[in-house]
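Novice: using only what follows, build the 3D model:
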Amino acid sequence: MDKTQEDEARLRLMGCSKWRAAFNFGHLKVQSKLSVFFTMIILFTYLFYCLNGYCDSLPRPVYDQQTHFQNKIFLNDGQDASTKELGAYNTSPVSFIREQLSDLGNSNVPSTNISIDNTFGTKKFPQAIIIGVKKGGTRALLEFLRIHPDVRAVGSEPHFFDRFYDKGLEWYRNLMPRTLEGQITMEKTPSYFITKEVPRRVFSMSRHTRLIVVVRDPVTRAVSDYTQTLTKSPGLPSFQNLAFRNATTRLIDTSWSAVRIGIYAKHLENWLRFFPLSRFLFVSAERLVTDPAGEMGRVQDFLGLKRVVTDKHFYFNQTKGFPCLKKPEGSSRPRCLGKSKGRPHPQIPSEVLLRLRDFYRPFNLKFYQMTGYNFGWD
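Specialist: As a prediction, this is how the structure comes out:
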């Protein structure tokens, strides 16, 4: 092969090498672009799920959970909890934190790697129930009790033992708020006291249940009961027409619920078949009005609670005629019961009220004897 042919062969080889190098470099470029492409897909997918809230369900580190909890306690709409929450009723920081933990336990926060049952309390059957009586002041008592940091109560009346017993105890327990160690679960349903089947059912749940009965002068209570019904049914017959079987004999009609509820001794006899007297506390509705702090002291002692609710929490509302809760710090107004409470009563003929008082007198005296407490209604 002459020199010219050798040069041509060398040039051809050099061209192939350059083509191979260019091909390899292009291959590397394609691989790099594919890697970037797939990386971008992964990043966009992650961002999409995070923006739709799926990332919130991932377990947080323990430090982040503690920080989140501290922010909930100490940052509330830009205010320090010491002025907005802790100062509401001058409760201790420990009690406040217990409240916040219980509130977190009731929220619908997704489950994390920390057990809600162990950390934020559990749902329990009520250890105490306000069982009566209607128009006696049960709502006021419950609202006063809910100031206490160690009381957790259902807001509405469950009516489990008299209306929804067939739903089962587990259904009932699920109605209860979560509580921490040292806190007490409560509910109130005033119709329990007069319903025959309820004592046995409550006993079947727990023989250790504490039972609170708010009682009121049965004559005044009957008029208040009638007033409430009258607002719902304006065409209702007069009080005396409902109270008497007939106008001539003036025999009291005990089938009328407004009258029947006030025969406290009869209803208590049914309860004492299942529970000893020591499981009861009888709260005077009259004293709850004239001395709310004193009566609340008795209630807190009965429940085994520290006396947190005192006279500093109350003031007397002249318009409504009963005590209201003083406004918490940071609140614009005090807390009073709704418009349905403290309604003016219709005028009832005095002879009708006297006849009704004569009817109740022997039952009242028996009730005083059974409870060992003179309520002074006569």
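Novice: what ranges in the stretch 1-150 of the chain fall below the confidence cut-off?
Specialist: 1-32, 46-119 (pLDDT under 70).
Novice: for the stretch 201-350 of the chain, what spans make up the strands?
Specialist: For the stretch 201-350 of the chain, applying DSSP state E, counting those that start in this stretch gives strands covering 210-215, 280-284, 314-317, 322-325.
Novice: can the ones you listed go into CSV with extra columns for mean pLDDT and distance to Y360?
Specialist: From N, CA and C alone the C-beta is placed, and that goes for glycine too. Listed next are the strands of the stretch 201-350 of the chain as CSV, based on pLDDT from 0 to 100; distance: least, C-beta to C-beta, whole Å:
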stretch, mean pLDDT, distance to Y360
strand 210-215, 98, 12
strand 280-284, 98, 16
strand 314-317, 90, 28
strand 322-325, 89, 23
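Novice: these: which one's closest to A128?
Specialist: When the strands of the stretch 201-350 of the chain are compared by C-beta to C-beta, strand 210-215 sits nearest A128, at 4.0 Å.
Novice: so which elements touch the closest one?
Specialist: strand 128-132, helix 138-145, helix 264-272, strand 280-284, helix 285-290, helix 292-302 (3 or more C-beta pairs under 8 Å, 6 or more residues apart in numbering; DSSP states H and E).
Novice: at 10 Å instead, please
Specialist: strand 128-132, helix 138-145, strand 184-188, helix 264-272, strand 280-284, helix 285-290, helix 292-302, helix 350-371 (3 or more C-beta pairs under 10 Å, 6 or more residues apart in numbering; DSSP states H and E).
Novice: for F367, find the nearest of the strands of the stretch 201-350 of the chain.
Specialist: Per C-beta to C-beta, nearest to F367 of these: strand 210-215, 7.8 Å.
Novice: check which residues of that closest one are buried.
Specialist: 210-215 (16 or more other C-beta atoms under 10 Å).
Novice: number of residues surrounding K326?
Specialist: 14 (other C-beta atoms under 10 Å).
Novice: so how far is R335 from it?
Specialist: 8 Å (C-beta to C-beta, to the nearest Å).
Novice: one step back: could I get the helices and strands packed on strand 210-215 in TSV, plus columns for distance to T45 and mean neighbour count?
Specialist: Putting the helices and strands packed on strand 210-215 into TSV (distance: least, C-beta to C-beta, whole Å; neighbours: other C-beta atoms under 10 Å) gives the following:
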stretch	distance to T45	mean neighbour count
strand 128-132	53	27
helix 138-145	52	21
strand 184-188	46	23
helix 264-272	64	19
strand 280-284	62	20
helix 285-290	62	18
helix 292-302	57	18
helix 350-371	71	16
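Novice: JSON lines please, covering those and showing distance to G155.
Specialist: Converted to JSON lines, the helices and strands packed on strand 210-215 look like this (distance: least, C-beta to C-beta, whole Å):
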{"stretch": "strand 128-132", "distance to G155": "13"}
{"stretch": "helix 138-145", "distance to G155": "9"}
{"stretch": "strand 184-188", "distance to G155": "9"}
{"stretch": "helix 264-272", "distance to G155": "25"}
{"stretch": "strand 280-284", "distance to G155": "20"}
{"stretch": "helix 285-290", "distance to G155": "20"}
{"stretch": "helix 292-302", "distance to G155": "18"}
{"stretch": "helix 350-371", "distance to G155": "29"}
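Novice: fine, thanks again, bye for now.
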